[in-house]
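Trainee: take a look and give me a structure for this.
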Amino acid sequence: MNTKIKFQLSFMMFLEFFIWGGWFVTLGTFLGENLNANGGEIAKAFSTQSWGAIIAPFIIGLIADRYFNAERILGVLHLVGAFLMYQMYGVDDFAAFYPYVLGYMILYMPTLALVNSISFNQMKDPAKEFSLVRVFGTIGWIVAGLIISYVFLWDSPEGRSEGMLKNTFLMVAIASAILGLFSFTLPKTPPRVSKDEKVNIASMLGFDALKLLKDKNFLVFFIASVLICIPLAFYYQNANPFLSEIGVSNPTGKMTIGQISEVLFMLLLPYFFKKYGFKKTILAGMLAWTIRYLLFAFGNPGELAFMLIIGIALHGICYDFFFVSGQIYTDTKAGEKYKSAAQGLITLATYGVGMLIGFWIAGKITDTYLLEDATHTWQTIWMYPAGFALVVFLLFALVFKNEEVEYKN
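Mentor: Take a look at the predicted model:
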C-alpha cells in the first residue's frame with residue numbers, strides 16, 4: 001500500500017471506532033440518569049447491538065456483496081447514521097429514543113464488516129498489514145473516551161446532572177457525517193458476488209459450518225463462546241453506570257485503560273499461544289472475567305480504587321485471550337472450505353444470540369438490586385457474572401480436550 005491509502009484506511013478505522021466508543025460506553029449512564037430508564041430498558045437498548053449483529057449478514061450478503069461498492073454503502077450507512085444520532089441527541093424519553101438506537105445499530109453493525117472488506121481489498125499481505133491499520137480503530141475508541149472525560153467533562157457529576165452526556169450523540173453524529181462523506185473518497189471496493197448468483201441464506205448466516213459441531217471439542221468451544229457472552233454483557237451494560245454511581249472520577253476516560261490493555265495483550269498473545277497452547281490461553285481469558293468482576297464487587301473509589309483499575313485493565317486478557325484465540329481456533333478447525341462460514345457462525349452466536357441473552361439477564365439482575373434511593377447493590381450484582389464466568393471456566397477445563405492449535409497472525 002502507498003502512503004495515501006494507508007492514511008485513508010487508518011483514518012477510516014479511527015473514525016469507525018471513535019463513533020462506537022463515543023456513545024456506547026456511556027449509554028447505560030445516560031439512559032439511567034437522563035432518561036430515567038430502568039435496567040430492563042437499558043438492556044433493551046444495549047440489545048440493539050445484538051439485533052444489528054443478527055441482521056448485518058443480510059445487509060452484507062444481499063446488498064453489499066452483490067450490487068454496490070463497499071465504500072459507497074459505508075458512506076450511505078454512516079450518513080443515515082449521523083441523522084439517527086442527531087435524533088437521539090434531541091429526545092427526552094426512552095420510548096422516543098429506542099426506535100432511533102435500534103435503527104442506528106442495524107445500520108452500524110454491517111459497517112464493521114465493510115471497513116474490514118475495504119481494508120483487505122487494498123492489502124497484498126493482510127496478515128502483516130491489517131493490524132497496523134486496525135490499531136487506529138482502538139486509538140479512536142480511546143480518544144473518544146478521553147474527550148468525554150478529560151476535555152468536555154461530560155461524565156463528571158456536574159456534567160451528568162446537567163444532562164451533558166447527550167452531547168456524546170451530537171459528537172458522534174458529526175463524526176459519522178465526516179466518515180460518511182470521507183467514505184466516498186476511499187479506494188474502490190466492487191461487489192464480490194455476481195448479482196445473478198443464487199442467494200444462499202444459510203451460507204450468509206454461517207449455517208454451512210454447523211457440521212463442525214460434530215467435533216466434540218468445537219461443540220464445547222461453541223457453547224462456551226455463547227455462555228461467556230453473558231458475563232461480557234454485564235461489563236458493556238453496567239461498567240460505566242457502576243463507576244459513575246459509586247463516585248469514580250472521569251469514569252469514561254479511565255475505561256479506556258481497557259482498550260490500551262487490549263493492544264498490549266494482543267502483542268503478548270502469540271507468546272502465550274506458543275508457550276501454553278490454546279486451552280490454557282483461553283482458560284486464562286475465562287478466569288480473567290471472574291477475577292475482574294470480583295475486583296469490581298469488592299473495590300471502591302477510595303483506598304481500594306486500584307482494584308477497579310486492575311479490573312478495567314484486565315479487559316485485554318478477557319477479550320484477546322478468549323475471543324481472538326477463539327477466532328484463531330475456529331479458523332484452524334474450519335479449514336479453507338468453511339472458514340468464512342465458521343467465523344460468521346461464531347459471530348452470530350456470540351454478538352448475536354449470546355449477547356442478546358446476556359443483556360436481558362444483566363437487566364433483570366440490575367433491576368432486582370435497585371434500591372429506593374435509585375442506587376444499586378453493586379457488590380451483589382457483580383457476583384453473578386463472576387460466578388457465571390467461573391462455571392464456564394470449570395466446564396471448559398473439564399470437558400475440552402487439549403489439542404494443538406497453530407497461531408496464525
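
Trainee: CA only for contacts and neighbour counts going forward, please
Mentor: Will do.

Trainee: number of nearby residues for the closest residue to residue 22 other than its chain neighbours?
Mentor: In space, not counting the residues next to it along the chain, residue 22 is nearest to residue 144; the distance is 4.9 Å by CA to CA, 6 or more residues apart in numbering. Applying other CA atoms under 10 Å, we find 27 residues neighbouring residue 144.

Trainee: tell me the confidence at residue 144?
Mentor: Model confidence at residue 144, given as pLDDT, is 98.

Trainee: and for the one 10 residues further on?
Mentor: pLDDT recorded at residue 154 is 97.

Trainee: and it, what helix or strand is that in?
Mentor: Residue 154 belongs to no helix or strand when assigned by DSSP states H and E.

Trainee: now for it, how many residues are close by?
Mentor: As a burial measure, the neighbour count of residue 154 was computed by other CA under 10 Å and equals 24.

Trainee: OK, contacts around it?
Mentor: By CA atoms under 8 Å, 6 or more residues apart in numbering, the residues touching residue 154 are 148, 160, 164, 165, 167.

Trainee: wait, isn't the residue nearest to residue 22 in contact with residue 21?
Mentor: Yes - with contact defined as CA atoms under 8 Å, residue 144 and residue 21 form a contacting pair (6.0 Å).

Trainee: returning to that earlier point: in helices, which of the contacts of residue 154 appear?
Mentor: For the contacts of residue 154, membership in helices holds for 160, 167, with DSSP state H as the criterion.

Trainee: quick check: which ranges of the stretch 201-350 of the chain have low pLDDT?
Mentor: Screening the stretch 201-350 of the chain residue by residue with the criterion pLDDT under 70, one finds the ranges 204-206, 340.

Trainee: hang on, the earlier thing: nearest to residue 405, of the contacts of residue 154?
Mentor: When these are compared for distance to residue 405 (CA to CA), residue 148 wins out at 40.9 Å.

Trainee: I figured the closest one hits residue 155, correct?
Mentor: Yes - at 6.6 Å, residue 148 counts as touching residue 155 under the criterion of CA under 8 Å.

Trainee: residue 315 contacts residue 262, doesn't it?
Mentor: Yes - using CA under 8 Å as the test, residue 315 is close enough to residue 262 to be in contact (6.4 Å).

Trainee: who has more neighbours out of the two?
Mentor: In this comparison of residue 315 against residue 262, neighbours counted by other CA under 10 Å, the higher total goes to residue 315 at 25 against 22.

Trainee: nearest residue to the more buried one in space, ignoring adjacent ones along the chain?
Mentor: Distances taken as CA to CA, 6+ apart place residue 258 nearest to residue 315, at 4.9 Å, with adjacent residues excluded.

Trainee: in contact with that neighbour, which residues?
Mentor: Residues touching residue 258, when contacts are defined by CA under 8 Å, 6+ apart, comprise 312, 313, 314, 315, 316.

Trainee: what do you get for residue 385?
Mentor: By CA under 8 Å, 6+ apart, the contact list for residue 385 reads 230, 231, 234, 290, 293.

Trainee: closest one to residue 331 out of the residues you listed, please.
Mentor: Taking CA to CA as the measure, residue 331 sits nearest to residue 230 out of those, at 23.4 Å.

Trainee: which strands and helices sit next to the helix or strand encompassing residue 115?
Mentor: Counting by DSSP H and E, the secondary-structure element that holds residue 115 is helix 94-120. For helix 94-120, the helices and strands in contact under the criterion 3 or more CA pairs under 8 Å, 6 or more residues apart in numbering; DSSP states H and E are helix 3-21, helix 39-46, helix 48-59, helix 70-90, helix 126-146.

Trainee: hmm, 7 Å instead?
Mentor: Contacts defined by 3 or more CA pairs under 7 Å, 6 or more residues apart in numbering; DSSP states H and E place helix 94-120 against helix 48-59, helix 70-90.

Trainee: least reliable of those helices by average pLDDT, please.
Mentor: Between those, the one with the least mean pLDDT is helix 48-59; it has a mean of 90.

Trainee: how far does that one sit from its chain's centre?
Mentor: Helix 48-59 has its C-alpha centroid displaced from the chain centroid by 13 Å (CA atoms, centre = their mean, to the nearest Å).

Trainee: for stretch 48-65, buried residues please.
Mentor: Applying a neighbour-count criterion of 16 or more other CA atoms under 10 Å, one finds 48-65 buried in stretch 48-65.

Trainee: now swap in stretch 156-171 and tell me
Mentor: 156, 157, 160, 163, 164, 165, 166, 167, 168, 169, 170, 171.

Trainee: is the last one in a helix, a strand, or coil?
Mentor: Recorded secondary structure, residue 171: helix (DSSP: H, G, I helix; E, B strand; the rest coil).

Trainee: how far away is it from residue 177?
Mentor: If you measure residue 171 against residue 177 using CA to CA, to the nearest Å, the figure is 10 Å.

Trainee: helices - which of the contacts of residue 258 land there?
Mentor: 312, 313, 315, 316.

Trainee: how about a markdown table for those residues, with distance to residue 119 added?
Mentor: Conversion of the ones in helices among the contacts of residue 258 to a markdown table gives the following (distance: CA to CA, whole Å):
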| residue | distance to residue 119 |
| --- | --- |
| 312 | 30 |
| 313 | 29 |
| 315 | 26 |
| 316 | 24 |
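
Trainee: so which of these comes closest to residue 270?
Mentor: If you rank the ones in helices among the contacts of residue 258 by distance to residue 270 using CA to CA, residue 316 comes first, at 13.7 Å.

Trainee: what sits against that closest one?
Mentor: 258, 261, 262, 265 (CA atoms under 7 Å, 6 or more residues apart in numbering).

Trainee: can we see that at 10 Å?
Mentor: Under the criterion of CA atoms under 10 Å, 6 or more residues apart in numbering, the neighbours of residue 316 are 257-266, 268-269, 285, 288, 322.
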